[in-house]
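[1] Predicted structure and sequence below. I'll ask about it afterward.
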Amino acid sequence: MGLKTREEYLESIREMNPTVYMFGERITNVLDNPRLRAGIEATAATYEIAHMDEFRDLVVTESPLINEPVNRFTLPPGSIEDLVARVKLNRKLGNYVGTCHQRCTGLDCLSTLSIVTYNIDQKYGTNYYNNFIEFLKHVQKNDLTGNAGVTDVKGDRSLPPHKQPDKDMYLRVVEKRDDGIVVRGAKAHQTGSLSSHEIIVLPTRALREGDEEYAVSFAIPSDTPGLIHVVGRSSLDKREIDGCDIGNIRYSKYCPTLIFNDVFVPWERVFMCGEVEFASQMVVTFSAFHRQSHGGCKAGKIDCMIGAALTLMDYNGTSKASHLKQKVIDMIHRAETLYGCCLAASYEGKKQPSGTYYIDTVLANASKIHEGKEMSEAIRLMVDVSGGFVSDLPSDKDLENPEIGPLLKKYLKGVDSVPVENRIKMYRLVEKMAMESADTISDIHGGGSPEAHRITILRETDLEAKKRAAKRLAGIEE
Ligand SMILES: Cc1cc2nc3c(=O)[nH]c(=O)nc-3n(C[C@H](O)[C@H](O)[C@H](O)COP(=O)(O)OP(=O)(O)OC[C@H]3O[C@@H](n4cnc5c(N)ncnc54)[C@H](O)[C@@H]3O)c2cc1C
């Protein structure tokens, strides 16, 4: 009970017994698998920093619900200060782990449910908000991590859920019982599902009449019977399994496909069941929160990329080259614009009927559009500054080989005062930050594809107000 240490978190993950497959094999010891461990360690950092002087004030906050100190990743925002702190914390963490720490999605689900379950109850007199609050107390008291089960596999994108030839292409309720519901379907790209104690499911899109069985939200432990985690391939995963040329000493990211093979959910864990018109509110609210989280964390990752680029300039003897300094400036302003946009989204937040604070959607989506384009530009600049060894540095195994190792160490040296091993390590980090597909692809598709951000911006912006302003200046009266 209370705030977990890193070790207590790791132990709590060890105690779980999820069904997991990776590279065609069943994995029974998740925590000691080097590929999964690196991902779990990134989430463990969110527990570790709660006990570090440098971070404690940002991470640890008081929950008005249980009147105890909690980790901020379990607290739906209750003020503008909370919204701002989310962004600052994500930036610090992105910088600390250099990849995705995987814990923001759970908070984004909790924040969404704390708004939308209340609204559903107001309209239908249902009991979802109470279910959610009981779940939230459990999460806060036990300092749990949640995973966002949002993205359905979706089958034919041109068809709504109920018109798919295979009705299971969107997760749905296949049975309603006195004690709960049975659900079937699959969620793709489930960031950190095995680093999580709970899987929190929300619908992936707006739904209409006819889609009632797909309008479902709930939370279940990640080792619930019938839940199957199939860990995805990622560009550098084999290196973690081999234990060499890894690049980032401890942290990584993985995104399983999650199959719900007729999974039972008790009613007290259900947060929506059939209220189709609220699916859209769930998705839009989650996406806006998640796009804000991304901006903070990706600004923190650019900070690491800037640090790596500057270090390689020192190691390569190029630190005085003015065109490289210009490129570093171009990286810095991209990080700060992203950060600034997410801070602005927070400062413009508004209190919702349930009491939770919600960010400005247009600003949050503007930041995600910026991320989709500018993260890859920041990566391009980092690679430009660093040099070609980002791509094809000899393996550590060659460096340790008694015949060619000494020759490689001689020829891979940069400036004389820097040990060759340090130069190699920094190149590996740059390679990891540039090419870790599980993380870099999320710059574009994580939290929804770019077109989804653009559509939200268009829908949420007051276009008529802009026209009125222009007409007034032009002297047009209608
Ligand atoms: C690294 C990574 C981590 C992720 N983590 C999570 C997570 O933790 N939890 C989670 O739930 N999801 C997660 N996602 C999923 C992410 O939200 C989706 O990838 C995103 O919403 C896009 O969905 P999709 O991949 O199915 O692509 P698609 O929906 O197939 O989109 C591909 C392209 O087609 C376009 N398109 C699709 N349908 C239509 C249509 N009907 N009409 C016109 N254009 C269309 C899209 O705009 C896009 O450009 C993650 C994704 C990535 C890559």
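    On my side now, so go ahead.

[2] quick one: is the helix or strand hosting residue 377 near the ligand?
    Under the criterion of DSSP states H and E, residue 377 resides in helix 361-386. No. Remark: helix 361-386 sits outside contact range of the ligand, by C-beta under 6 Å from any ligand atom, the gap being at least 10.4 Å. For glycine as for every other residue, the C-beta is placed from the backbone atoms N, C-alpha and C.

[3] before we move on, what about stretch 281-292?
    No. In terms of C-beta under 6 Å from any ligand atom, no part of stretch 281-292 sits within range of the ligand; the closest distance is 8.2 Å.

[4] Tell me how many other residues crowd the residue of the stretch 1-150 of the chain found nearest the ligand.
    Nearest residue of the stretch 1-150 of the chain to the ligand, counting by C-beta to the nearest ligand atom: residue 150, 3.2 Å away. As a burial measure, residue 150 scores 28 neighbours (other C-beta atoms under 10 Å).

[5] Heading C-terminal from the helix holding residue 377, find the next helix or strand.
    Moving toward the C-terminus from helix 361-386, the next helix or strand (DSSP H and E) is helix 389-392.

[6] Average pLDDT for that next one, rounded please.
    Helix 389-392 comes out with an average pLDDT of 94.

[7] cool, and stretch 421-438?
    The average pLDDT for stretch 421-438 rounds to 96.

[8] Relative to the whole chain's centre, how far out is that stretch?
    Computed by C-alpha atoms, centre = their mean, to the nearest Å, the chain-centroid distance of stretch 421-438 equals 21 Å.

[9] So which bits of that stretch are buried?
    Burial within stretch 421-438, assessed by neighbour count using 16 or more other C-beta atoms under 10 Å, is assigned to 423-436, 438.

[10] Stretch 117-125 now?
    For stretch 117-125, the neighbour count (16+ other C-beta under 10 Å) marks 117-121 as buried.

[11] now do stretch 375-391
    By 16+ other C-beta under 10 Å, the buried positions in stretch 375-391 come out as 375, 378-379, 381-383, 385-387, 389-390.

[12] What is the most widely separated pair among the residues you listed?
    The span of the buried residues of stretch 375-391, defined through C-beta to C-beta, is set by 375 and 389 at 21.8 Å.

[13] same question for the longest helix seen in the chain, mean pLDDT?
    Ranked by number of residues, the top helix in the chain under DSSP state H is helix 279-316. Helix 279-316 comes out with an average pLDDT of 97.

[14] Tell me the pLDDT of the closest residue to residue 102 other than its chain neighbours.
    Nearest non-adjacent residue to residue 102, counting by C-beta to C-beta, 6 or more residues apart in numbering: residue 192, 3.0 Å away. If you check residue 192, the pLDDT there is 97.

[15] Might you report the residue contacts of residue 192?
    Residues in contact with residue 192 (C-beta atoms under 8 Å, 6 or more residues apart in numbering) are 39-40, 42-43, 100, 102-103, 105, 145, 147, 253-255.

[16] So which of those belong to helices?
    39-40, 42-43, 105.

[17] what's near enough to touch residue 371?
    Counting by C-beta under 8 Å, 6+ apart, residue 371 touches 294-295, 298, 338, 443.
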